[in-house]
Every structure is written in structure tokens, then in C-alpha cells.
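>>> What shape does this take:
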Amino acid sequence: MVSVPTTRMSSRGQVVIPEPIRIECGFGEGTTFTVVAKGNAVMLQAIVAPPRDLFNELARESRAAAKASGLRPSDVTAAIREVHAEKRTARAKGNA
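Next comes the predicted model:
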């Protein structure tokens, strides 16, 4: 018969993830999870930061797309200023 790891909830609502599961999943101290409940089932999903290489790749692709479209740094600065001005105006009117 296959043994399934089990755990119990403490009086403080704490649940220990069994060691074999922690090892298998690579969970260590300080791992952060999202918690989703449906009926009497609870799912934990570890929150893992994407690799730095992904950000670098996205930045390269964004720069290439901006360059291909003729977008200049000054265009971005102007767009940001415009949005900030719109937000200030909306706040002054009480709409934000």
C-alpha cells in the first residue's frame, strides 16, 4: 500500500508541510505561497520570482520594438507627464 503524507492543523491554524513534500518541491524556510480554497480543498502555490534573464530578454525585446516603431525616450517622458497631469486634474475635480 502506498503511504500518503498527512498533517494536522494546530490550535493556531498552522499546518506543517511534510518533509518529503518540502524536499520534492524545493520549499525552504520563508517560501511564500498563495492559498486558494474551494469547498473543503485547499491548494498552496509557491510564489517564485521569475528568472532575471526573463526580465533582461523582455527589456531587449521592448527596446527593439520601441526602436522599430520610432519611439524615442522623450516620447515616453512626455506620455508619463501627460498621465500625471491628467491624474492631478482628476484629483482636483474629485474624480479620482
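
>>> and stretch 4-11, average pLDDT?
Averaged across stretch 4-11, the pLDDT comes to 92.

>>> What is the linear distance spanned by it between its boundary residues?
End-to-end distance of stretch 4-11 (C-alpha to C-alpha, to the nearest Å): 23 Å.

>>> likewise stretch 30-47?
One end of stretch 30-47 to the other measures 11 Å (C-alpha to C-alpha).

>>> and if you look at stretch 35-48?
End-to-end distance of stretch 35-48 (C-alpha to C-alpha): 14 Å.

>>> Where do the helices of this structure begin and end?
Along the chain, counting by DSSP state H, helices occupy 19-25, 52-69, 73-93.

>>> What is the burial count for the spatially closest residue to P18 that is not a sequence neighbour?
Spatially, and ignoring its direct neighbours in sequence, P18 is nearest to P5 (3.7 Å; C-beta to C-beta, 6 or more residues apart in numbering). Where C-beta positions appear, they are placed from N, C-alpha and C, glycine not excepted. Per other C-beta atoms under 10 Å, the neighbour tally for P5 reads 11.

>>> Let's have the helices of the chain in JSON lines, adding mean pLDDT and distance to G13.
As requested, those are arranged in JSON lines below (pLDDT from 0 to 100; distance: least, C-beta to C-beta, whole Å):
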{"stretch": "helix 19-25", "mean pLDDT": "93", "distance to G13": "19"}
{"stretch": "helix 52-69", "mean pLDDT": "92", "distance to G13": "35"}
{"stretch": "helix 73-93", "mean pLDDT": "92", "distance to G13": "41"}
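
>>> Tell me which of these approaches V42 most closely.
Among those, the nearest to V42 by C-beta to C-beta is helix 19-25 (13.9 Å).

>>> helices and strands around that closest one, which ones?
With contacts defined as 3 or more C-beta pairs under 8 Å, 6 or more residues apart in numbering; DSSP states H and E, helix 19-25 has no helix or strand neighbours.
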